[in-house]
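A.B. asks: okay, predicted coordinates and the sequence, questions at the end:
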Amino acid sequence: MALKKFFNSLLSSRGVYSLIDPNRSQKETQSLTFRHIKLKLCFFFRDGSYSSFNYLSLFLSTVFQLPKSLIGILLSVMPFMGFISSTCWSILADKWDIHRKIMILCITCIILLFWSFPFSGKYFGFCGLFINFVLYSIFDGGVGPLMDNLSINILNRNGDITEFGRQRLYGTLSYGLSGAILGFLVDRFDSLYAMFFVFGFFMGMFLLVLQFIPWRDFKIDHHDELITDNIDLDQFGGMSNESSTQIVDTKIIETTPPPFMESFLKLITKPRLLLFLFVLLSTRTTKMATSTFLYVFLAEDLKADATILGLSTFIGIILEIFVFYYGEYVLEFTFPENQGFEYGLVKLASLEIITQVAPPRLRGTALGIFAAIESLSTVFYVRLKGLGQIVGGLFYGNFGAVKMFLYSSWIGILSIIIYIAGILWQRRHFDFS
């Protein structure tokens, strides 16, 4: 305890971090199990539904007898449509402050569209499935970033912004649990159609929980909006608590925020955001390139059995749960730019950066851009596979497995070096805007 107090005293000069949670010592004595239970349930039911995607390619292959090339085309629609739709839905929600309506609309539509896969494939063939995948991807793109925005709104208002990972880990637990349940149901009834019932149940419960979340939790906090429209929290990185508070007191101006498009253009041209998105795209692409062909490498080159393949996934899930639970303590003792580049830490650090860079009324837009880059470059469980798969396939086919891992590592390391250099240069010039 004495050691923790010592580190907390050292961290008291970190400016923006102390502004995030001023009552932290009081909340640490409270039970975390039932705090923000609605958020936990939202992540639990949302991510539990996505375990159905594990069986989607198998469903297309066995039920409709589609060749692997056509299945690849159908699945590739999702990341590239998500790249567009995530940003568009987020901009619409921020501009007219209709986050709750868009979330309910998108969730309702993806339930209906996912259920329509069997009918579109049976009656309209490949063309019907292609249109169905396009429509599903359009509406699915609005769920993820707006759910993250809702979480940040609720946590930020309660001074619990660093506890995002503790809400998010329930999604990881649900994904593993629902996957096991779905596997049992498929074997028990000898039918892949069980995936549609599991998806509908979990998404329906997600929609039901959203109905019990107050409207104000979806709304923009206009007091914070006035603050962040007049000052840039990134400038506080090296200031003390006292200095930061004085600047905030003198900088708050009760004026009307600038027009939406003016704020949007300012946001997307911020050097720090552009640098972050570039590094996110490059590192996540290379990560996906290696993870896509990891099983192929283990099975064909190293002759690993199915037990080893299963253990590699199991260890990854366990580590992700561990990181989401203890991520807030990692963020306490380090800046978000210094986090590791694996999903748990990257997700927490990325949200921390976005909350600093984007004003509240554009936070959903920034999260939409973040989700677009993720869906284009990487994988959310098994449903989004974009540039990383393409890059990995090119490297693997032309250079082999070993050089694929080597070249991907070089690209990732180079991206991290560029990011660190850019952050250091910006801090030296005190310009994060």
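C.D. replies: Yes, it's here. Numbering: from 1, shown residues only.
A.B. asks: from L66, how far off is F59?
C.D. replies: As judged by C-beta to C-beta, to the nearest Å, F59 and L66 stand 10 Å apart. C-beta here means a position set from N, CA and C on the backbone, and glycine is covered the same way.
A.B. asks: pLDDT score for G142?
C.D. replies: Looking at G142, its pLDDT stands at 93.
A.B. asks: share the number of residues neighbouring it, please.
C.D. replies: 29 (other C-beta atoms under 10 Å).
A.B. asks: tell me where the model's unsure across the stretch 251-400 of the chain.
C.D. replies: By pLDDT under 70, the low-scoring segments of the stretch 251-400 of the chain are 251-257, 292, 295, 305-317, 319-348, 377-386, 389.
A.B. asks: and the helices in the stretch 1-150 of the chain?
C.D. replies: Using DSSP state H, counting those that start in this stretch, the helices assigned to the stretch 1-150 of the chain run over residues 2-11, 16-20, 24-27, 37-49, 56-62, 68-96, 99-115, 117-140, 143-157.
A.B. asks: mean pLDDT for the ones you listed: which is lowest?
C.D. replies: helix 16-20 - the lowest mean pLDDT of the helices of the stretch 1-150 of the chain, at a mean of 35.
A.B. asks: how much space between the nearest residue to S61 once chain neighbours are set aside and P79?
C.D. replies: Closest residue in space to S61, ignoring its immediate chain neighbours: I71 at 6.2 Å, by C-beta to C-beta, 6 or more residues apart in numbering. For I71, the distance to P79 (C-beta to C-beta) stands at 15 Å.
A.B. asks: which of these two has more neighbours?
C.D. replies: P79 (26 against 19).
A.B. asks: residues contacting stretch 207-218, please?
C.D. replies: 38, 41-42, 45, 99-100, 103-104, 107-108, 111, 150, 153-154, 157 (C-beta atoms under 8 Å, 6 or more residues apart in numbering).
A.B. asks: from those, which two are the most distant?
C.D. replies: The two members of the contacts of stretch 207-218 with the most space between them (C-beta to C-beta) are I111 and R157, at 29.4 Å.
A.B. asks: between these two, which is the more surrounded one?
C.D. replies: I111 (20 against 13).
A.B. asks: burial count for the nearest residue to the more buried one once chain neighbours are set aside?
C.D. replies: In space, and not counting its chain neighbours, I111 is closest to M203: 5.0 Å by C-beta to C-beta, 6+ apart. The tally of other residues near M203 (other C-beta under 10 Å) stands at 23.
A.B. asks: I'd say M203 and C109 touch.
C.D. replies: No. Using C-beta atoms under 8 Å, M203 is not in contact with C109; the gap is 10.6 Å.
A.B. asks: before we move on, back to that, ok, the contacts of stretch 207-218 vs L185, which is closest?
C.D. replies: Nearest to L185 among those, counting by C-beta to C-beta, is F45 at 17.0 Å.
A.B. asks: quick one on the thing from earlier: mind putting the helices of the stretch 1-150 of the chain in JSON lines, distance to P360 included?
C.D. replies: Formatted as JSON lines, these follow (distance: least, C-beta to C-beta, whole Å):
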{"stretch": "helix 2-11", "distance to P360": "24"}
{"stretch": "helix 16-20", "distance to P360": "13"}
{"stretch": "helix 24-27", "distance to P360": "21"}
{"stretch": "helix 37-49", "distance to P360": "18"}
{"stretch": "helix 56-62", "distance to P360": "36"}
{"stretch": "helix 68-96", "distance to P360": "9"}
{"stretch": "helix 99-115", "distance to P360": "12"}
{"stretch": "helix 117-140", "distance to P360": "25"}
{"stretch": "helix 143-157", "distance to P360": "8"}
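A.B. asks: nearest to I417, out of those helices?
C.D. replies: The closest of the helices of the stretch 1-150 of the chain to I417 is helix 16-20. By C-beta to C-beta, the value is 25.2 Å.
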